[in-house]
Every structure is written in C-alpha cells, then in structure tokens.
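Enquirer: Output the structure for:
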Amino acid sequence: MQEPLVSRLRRRWPDVTFWFAFCVLAIAISVRNVRKNYKKDQVAMQDTSSYFDVSDFECFYRGALRMRRGELMYYPNYGTRKEEMYTALPPFQQLLLVPLTYLRPWHAEIVYSIVSWALLAFTLLLAGRLVNRVRGSPVSPWVTRGAFLLLIPFVALVGRYNQTGFFLVFPIVLGLLLLPRRAMLGGAVLALPAALKLLPIVVLPWLLWKRAWRASIGFVLCLIATTAAFYVYQGPELANREIRAYVEKLKLDRGFEDYNERYQGMPNMIRATITPKYESTLNSKAQEMNWDGVRNFLPSKFLTEHSNIVILLACGIIALGCALATRRRWPDTDRRRLAEIGLVLVAMLLISPHTWKHYYWYAFPAVLFVLLEATERKKWAYVALAGIVVLMTLPHRSGMPYLWMYFHVFHSMVWGLIVVWACLVYHLARQRAAVAETGGPELPVTVARTRDTRRDDDARMVQ
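Expert: Below is the predicted model:
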C-alpha cells in the first residue's frame with residue numbers, strides 16, 4: 001500500500017526545509033551579485049583597452065575576454081593612472097571561462113553563479129555517499145549537512161565574491177570516491193583543483209608519499225592535459241608569454257613578506273604576533289572601528305627581522321606533523337583517505353601566505369571527518385569540533401555582532417585550523433601506533449566500542 005502523501009511530507013520535511021533554505025541562500029547571494037554587475041556599463045566592461053573598476057567575477061570575466069582576444073591578461077596596464085585588479089586565476093581556469101565572454105557580463109555572472117551553487121549541491125550529495133562508504137553503513141545526511149553548516153560563514157563569502165571554492169572541493173570529494181577502484185582516474189580528478197587554483201598542488205606530494213603511483217600518474221597527466229589545452233588555444237608564443245607573466249606575478253606578490261590583516265593563514269598570524277609596533281594603515285573593518293587588526297603579543301625586533309625563518313620553522317613543523325601522521329606502511333581505507341586529505345588541505349591553508357577567509361571552505365573534508373567521528377563518540381573529535389565552532393564558525397560579524405573584533409585581532413580562525421590540524425595528527429598517529437603494536441591490519445582504535453570498524457572490501461592501497 002502506497003504511503004499517504006501527508007506521511008511522506010512529514011517524514012521528509014527536514015530534507016525539504018534544508019534544500020529550500022539552501023536555494024534561498026544561493027538565490028539571495030546571486031541576485032545581490034548580479035544586480036551590482038547589471039548596474040555597470042556593460043559595453044565599457046567589455047572594453048579591455050581601458051581601466052575599469054571590477055569585482056572578483058568581473059575581473060575573471062575581463063581576464064577571459066583578454067585571453068579570447070589574444071591580449072596579455074595578467075598585466076593589463078594600458079598607461080592609465082590606476083591599474084585595475086587583474087585576474088589571479090591560473091591560465092586553465094581562465095580558459096574555461098572563455099565561453100562566458102560571448103555573453104554580457106551580467107548574463108555571464110548568472111550562468112557562473114548557477115554552476116557554482118549546483119556544484120556545491122552535488123558536493124554535499126557526493127559527500128553523503130562518501131561517508132556512507134567510510135562508515136560501511138547508512139549515515140544520516142545531517143552529518144554532511146552539519147559539516148556544511150559549520151562552514152556556512154565561509155560558504156557565504158565564496159558566494160558573495162563569486163570565488164572558485166565550489167569548483168575546487170567538488171573534484172576532491174569525487175576523486176576520493178573514485179580512488180579505490182579507478183586510481184588513475186581518481187588521481188586525475190584530484191588534479192583538477194590544482195589546475196584551477198595553484199594551492200591544491202599539495203595533494204600530489206601526499207599521493208607520492210603514500211606510494212599511490214597510479215593515482216600520481218593520473219594527477220600528473222591531468223596537469224599536462226590542462227596545460228596543453230591552454231597552449232593549443234592560445235598558441236605557443238602567446239601561451240609562453242602568459243605563463244611567464246603569471247609566474248612573475250606570483251613572484252611579485254609580497255604576501256609571504258608583508259603582514260596583511262585580510263589573510264588568515266599562519267604566516268600572517270606570526271607576523272602579527274611578533275611585530276614590534278602596531279600597523280596603523282591597515283584597510284580593514286577592524287581598523288575603521290579603532291581596532292588595529294593586529295595584536296603583537298610577543299613584540300620583538302629580533303624576531304621581526306628574522307620573521308621569514310620563524311615562519312619557515314612553523315611551516316616545517318606543520319609539514320612534519322602531516323608526514324608522520326600519514327606514513328605509508330599500511331593499507332588504506334576510505335576512512336583513512338578522508339582523514340588524510342582533510343589534514344593535507346588544513347595544512348595547505350595554514351602554510352599558505354595567501355589564505356583568504358573564503359579559502360576555509362577547502363577544510364570541508366576535514367570538518368566532515370571530524371563530525372563523522374564525533375557521531376561515533378570519539379573524544380578527540382569533540383575537541384576538534386569545539387575548536388571549529390568556537391574559533392571558526394561563531395567569530396563573524398553576523399554571529400557575534402560585538403565580540404567578533406576580539407576574535408578578529410586574536411586571529412581565532414587560524415587557531416581553529418591549528419586545533420583541527422593537531423587533533424587530526426594526534427588521531428592518525430595514534431592509529432598508526434596501535435597498528436604497529438598489534439602488527440595487524442589497520443582498524444579504528446575504538447574497535448571494542450563501535451560496530452562500524454570493518455574494513456571496506458574495496459578499500460585497498462591506491463596503486
């Protein structure tokens with residue numbers, strides 16, 4: 001007998017409510033962006049020979065337009081007094097945006113926004129399949145949605161600036177699903193974020209460290225293919241000029257050398273901590289409210305003069321912790337891979353000198369794993385979850401209208417990532433130690449207290 005409609009709606013109302021709210025958020029943010037774009041002169045925005053004040057997406061759009069017209073896109077200086085914000089996207093992602101340049105800018109932004117939010121929705125659905133396979137039994141969809149909601153402030157920032165975060169996390173989740181049975185294809189999919197944004201190249205050292213040779217080959221072949229596509233479209237001469245200009249742009253970016261309050265990575269936190277004086281010229285909301293945007297808790301002229309060494313040592317500790325926690329001597333499971341790639345991405349956010357707040361969406365795999373382990377009553381996961389909520393989710397103007405500034409100058413978001421990194425390193429290293437002592441196959445340490453400890457039949461070494 002068919003279930004009555006009322007009963008079905010009553011049973012599914014939480015799912016319907018979540019996706020309805022998701023659509024409302026996507027539409028509200030997209031309409032805001034498109035309205036701002038629509039108010040601008042659409043013809044002038046397509047004139048790449050003159051300066052134009054642009055938003056992030058408009059800067060991507062004009063970069064792709066320059067590529068289509070055979071112009072240099074990374075240094076659009078045409079003798080004007082003020083140079084516009086030029087695109088910082090790698091050449092391949094600009095190539096993918098070229099078809100949008102046949103539309104008016106505001107039409108292009110509509111299409112871009114729809115694709116972005118659709119990818120985010122697919123990411124949540126794929127993540128649900130992934131955690132089911134990790135657990136070996138059905139998991140509540142609210143585990144995935146909970147990880148999404150914990151990072152909702154950063155999701156809103158990605159949407160507000162129409163940035164590329166949704167394009168990067170989707171292939172990471174998809175690649176994790178493909179790795180066990182199709183290692184080379186999974187490695188190729190994991191390479192897409194590195195082709196679209198340089199930072200996720202850190203996934204390749206992880207694959208090599210794990211001796212995942214087939215996945216590593218797929219990763220490298222994907223990078224070669226995406227670079228070749230750019231060269232074919234642009235032609236060798238212009239493509240070489242673009243690559244040289246992009247590399248030069250990266251060299252000139254002083255994010256690793258100068259303190260910038262807007263960056264939320266460990267290098268800038270360290271500079272803020274050891275600087276011998278307050279920086280009074282920072283352009284930030286905190287500065288506008290008579291907050292310095294920086295607190296020098298350990299002011300030292302000596303440390304400031306050697307700040308690069310201090311930062312390199314701190315980054316070395318982060319990398320060493322990842323290496324020790326992801327040692328390559330035992331077979332891998334889906335659970336292990338999710339934890340390790342989450343750790344790698346958290347380390348990437350900490351080490352990068354250019355970690356903007358909206359980059360924190362890349363921590364989704366790590367938060368997903370923490371929440372999954374918290375549902376299994378793992379104490380370490382409770383500590384990590386508390387760090388995420390208190391130091392990353394809440395400290396925003398929308399969540400703490402008056403207290404956010406205190407969190408801001410303490411660089412709480414960076415500390416939140418450090419808590420997650422430390423908890424993951426502790427958990428993964430503890431598992432390795434337990435396996436080394438028993439000499440048996442790798443299983444969760446709490447095997448006596450949970451029924452979800454059997455290894456997946458298809459989970460084997462990715463090679």
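
Enquirer: how far out from the middle of the chain is stretch 162-172?
Expert: When distances are taken as C-alpha atoms, centre = their mean, to the nearest Å, stretch 162-172 is centred 7 Å away from the chain's centroid.

Enquirer: can you check stretch 415-431 too?
Expert: 18 Å.

Enquirer: Map the structural domains onto the sequence of the protein.
Expert: The chain breaks down into these domains under automatic domain parsing: 5-251, 262-438.

Enquirer: Same list (those domains) but as TSV, adding mean neighbour count.
Expert: In short, each C-beta sits where N, CA and C put it, glycine included. TSV is the format used below for those (neighbours: other C-beta atoms under 10 Å):
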stretch	mean neighbour count
domain 5-251	18
domain 262-438	19
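
Enquirer: Would you mind checking which of those scores lowest on average pLDDT?
Expert: Ranked on mean pLDDT, the bottom entry among the domains of the chain is domain 262-438, at a mean of 84.

Enquirer: Give the other helices and strands that the helix or strand where N240 lies contacts.
Expert: Element membership for N240 (DSSP states H and E) is helix 236-252. Packing partners of helix 236-252 (3 or more C-beta pairs under 8 Å, 6 or more residues apart in numbering; DSSP states H and E): helix 91-97, helix 213-234.

Enquirer: What's the first helix or strand after that helix?
Expert: Toward the C-terminus from helix 236-252 - assigned by DSSP H and E - lies helix 266-274.

Enquirer: sorry, back to before: and the helix holding N240, how far out from the chain's middle?
Expert: In terms of C-alpha atoms, centre = their mean, the centre of helix 236-252 is found 24 Å from the chain centre.

Enquirer: list the contacts for the closest residue to Y161 other than its chain neighbours?
Expert: The shortest distance from Y161 to any non-neighbouring residue, by C-beta to C-beta, 6 or more residues apart in numbering, is to D56 (4.6 Å). Contact partners of D56, counting by C-beta atoms under 8 Å, 6 or more residues apart in numbering, are Y161, N162, Q163.

Enquirer: Tell me how far D56 lies from T164.
Expert: Distance, D56 to T164, using C-beta to C-beta, to the nearest Å: 9 Å.

Enquirer: Check A347 too.
Expert: Taken as C-beta to C-beta, the span from A347 to T164 is 20 Å.

Enquirer: what's near enough to touch T355?
Expert: T355 makes contact with Y263, Q264, G265, L349, according to C-beta under 8 Å, 6+ apart.

Enquirer: now those residues in JSON lines, with distance to V169?
Expert: Output for the contacts of T355, formatted as JSON lines (distance: C-beta to C-beta, whole Å):
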{"residue": "Y263", "distance to V169": "20"}
{"residue": "Q264", "distance to V169": "17"}
{"residue": "G265", "distance to V169": "18"}
{"residue": "L349", "distance to V169": "12"}
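
Enquirer: closest to T123 among those residues?
Expert: Nearest to T123 out of the contacts of T355 is L349 (C-beta to C-beta; 17.5 Å).

Enquirer: do you know how far the closest one is from L371?
Expert: 18 Å.

Enquirer: Could you do L204 as well?
Expert: Counting by C-beta to C-beta, the gap from L204 to L371 is 27 Å.

Enquirer: same question, C23
Expert: Computed as C-beta to C-beta, the C23 to L371 distance reads 23 Å.
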